[in-house]
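>>> Return a 3D structure for these sequence lines:
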Amino acid sequence: MPSSLLLTPAYKTVLSSFHLFPLHAPITLFGLNAPHGKFALENSRLNLNGKLAWFSMEIVSPSMALYTLYTSLKASSTSLSPPTLLLLVLYLIHYANRSTISVLRSEGMADSHIAPWLAAVGFNSANGFLLGRYLSMNPTGPDAFSNPIYWAGVTLWVVGWAGNVAHDEILLSLRRRSRLLSSFPSSVSSTNDSSKKSKPLPASSNSITIPSANPAQPFRTYFIPDGGLFRFVSFPHYLCEIIEWTGFALACSSPIIVASTLTAEGFFQPGLVSAGGWRLLTPAWVFVINEIAALVPRALAGHTWYKEKFGKRMPKGRKAIVPFLL
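Sure, this is the predicted structure:
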């Protein structure tokens, strides 16, 4: 059970507020695309460097989680149980790859408008605070290593994380190829005929080349990703990330799930209700729901973009994020 010292009004307020995040999904579903990535506003004065923006907004989550975890453990004079410590390591592995390794390995990232950057910093700050405080309560208990549901959750996390990394690697490879094709024109204007414009090198039947407002890269080449789950969906890395955090939440809730005989009790934060009297989900499960609310609309918008740009070249039957369904 959580220490009453850790169930502070601030924790309750942030957790209650975080439950409201999915309300943005209907707005996002009906045409409001965050201006970054494929939907970046190339000429906006409010744009931020893509790599710097990505690193700075993603590093917030583990930084906040570690700070909150440290101060919470110190205040309650407790330490992490080995099962909870393992979950912390998994969490940090994800964000080490997401915030730093992927940025260092990427040759370039599209600029990001300051609006989604600010939203991401706010989201990651709240999420890091909540998960840091939640893990300090040792939700797994000391005996989770003998709990099959705990290991089922850890296994699900590993499968999701591996799938996320593998499909991101496919996208990184395509971005490298895109920069190569977009940076070298097939014909250079002669000094005697300045009216001729350079054209991009031909790519392939599964690619398109679009003019760019960036003088350093006058063309952008996009590909239809292939391989792995890309055969079934346009955004398998999103699907794998949802699977990953579902496994994490399942492992966190494993003692309660077993004790309550697989009822919904494991989804709720013990000892807390909202100001309106409704029970609050644990931060781990709220994170899963918020990931779904954020990633599903983004996947649907991106899938529509692919279909509009590539038309009949898009593989028949490919869905946005859930194979055969969505």
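>>> Buried residues, the helix or strand hosting Trp285. List them.
Assessed by DSSP states H and E, Trp285 sits inside helix 283-310. Neighbour-count burial for helix 283-310, counted by 16 or more other CB atoms under 10 Å, picks out 283-303, 305-306, 310. Yep, even glycine has a C-beta here, placed from its N, CA and C like the rest.
>>> Also stretch 86-94?
86-88, 90-91, 94.
>>> now swap in stretch 224-242 and tell me
Quick answer for stretch 224-242 (16+ other CB under 10 Å): 224-225, 228-230, 232-242.
>>> repeat for stretch 122-130
Here stretch 122-130 shows 123-130 as buried, counting by 16+ other CB under 10 Å.
>>> CSV for those, including pLDDT, secondary structure and distance to Ala320?
CSV is the format used below for the buried residues of stretch 122-130 (pLDDT from 0 to 100; DSSP: H, G, I helix; E, B strand; the rest coil; distance: CB to CB, whole Å):
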residue, pLDDT, secondary structure, distance to Ala320
Phe123, 91, helix, 22
Asn124, 94, helix, 24
Ser125, 95, helix, 29
Ala126, 94, helix, 27
Asn127, 95, helix, 24
Gly128, 96, helix, 28
Phe129, 96, helix, 31
Leu130, 95, helix, 28
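>>> quick one: Glu58 and Tyr95 touch, right?
Yes - at 6.5 Å, Glu58 counts as touching Tyr95 under the criterion of CB atoms under 8 Å.
>>> more crowded one of the two?
When neighbours are counted by other CB atoms under 10 Å, Glu58 comes out ahead of the other of Glu58 and Tyr95, with 22 against 19.
>>> so what's the residue lying closest to the more buried one once chain neighbours are set aside up against?
Distance criterion CB to CB, 6 or more residues apart in numbering; nearest residue to Glu58, sequence neighbours excluded, is Ser99 at 3.6 Å. Ser99 is in contact with 54-55, 58-59, 61-62, counting by CB atoms under 8 Å, 6 or more residues apart in numbering.
>>> Compare those and tell me which has the most neighbours.
Comparing the contacts of Ser99 by number of neighbours (other CB under 10 Å), Ser61 comes first, having 26 neighbours.
>>> quick one, what contacts that residue?
95, 99, 124-125, 127-128.
>>> what's downstream of the lowest-mean-pLDDT helix or strand in the chain, the next helix or strand?
When the helices and strands of the chain are scored by mean pLDDT, DSSP states H and E, helix 25-29 comes last with a mean of 65. Downstream of helix 25-29, the next assigned helix or strand under DSSP H and E is strand 47-48.
>>> if we can go back for a sec, export the buried residues of stretch 86-94 to a markdown table and append columns for distance to Gly153 and pLDDT.
Converted to a markdown table, those look like this (distance: CB to CB, whole Å; pLDDT from 0 to 100):
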| residue | distance to Gly153 | pLDDT |
| --- | --- | --- |
| Leu86 | 11 | 96 |
| Leu87 | 9 | 96 |
| Leu88 | 14 | 97 |
| Leu90 | 10 | 97 |
| Tyr91 | 13 | 97 |
| His94 | 14 | 96 |
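>>> could you pull out the strands for this protein?
Using DSSP state E, the strands of the chain run over 47-48, 112-113, 207-211, 219-223, 268-273, 279-281.
>>> For those strands, could you give me JSON lines that also reports mean neighbour count and distance to Gly160?
Formatted as JSON lines, the strands of the chain follow (neighbours: other CB atoms under 10 Å; distance: least, CB to CB, whole Å):
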{"stretch": "strand 47-48", "mean neighbour count": "18", "distance to Gly160": "29"}
{"stretch": "strand 112-113", "mean neighbour count": "22", "distance to Gly160": "25"}
{"stretch": "strand 207-211", "mean neighbour count": "15", "distance to Gly160": "29"}
{"stretch": "strand 219-223", "mean neighbour count": "21", "distance to Gly160": "24"}
{"stretch": "strand 268-273", "mean neighbour count": "16", "distance to Gly160": "23"}
{"stretch": "strand 279-281", "mean neighbour count": "18", "distance to Gly160": "20"}
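>>> Would you mind putting those strands into CSV with mean pLDDT and distance to Gly317 alongside?
Output for the strands of the chain, formatted as CSV (pLDDT from 0 to 100; distance: least, CB to CB, whole Å):
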stretch, mean pLDDT, distance to Gly317
strand 47-48, 80, 36
strand 112-113, 79, 32
strand 207-211, 71, 21
strand 219-223, 77, 19
strand 268-273, 69, 39
strand 279-281, 84, 35
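>>> out of those strands, nearest to Tyr11?
Closest approach to Tyr11 among the strands of the chain (CB to CB): strand 268-273, 8.1 Å.
>>> hmm, back to that, from the buried residues of stretch 224-242, which ones fall inside helices?
Secondary structure defined by DSSP state H assigns 236-242 of these to helices.
>>> Could you single out the nearest of these to Ala115?
Nearest to Ala115 out of these is Tyr238 (CB to CB; 20.7 Å).
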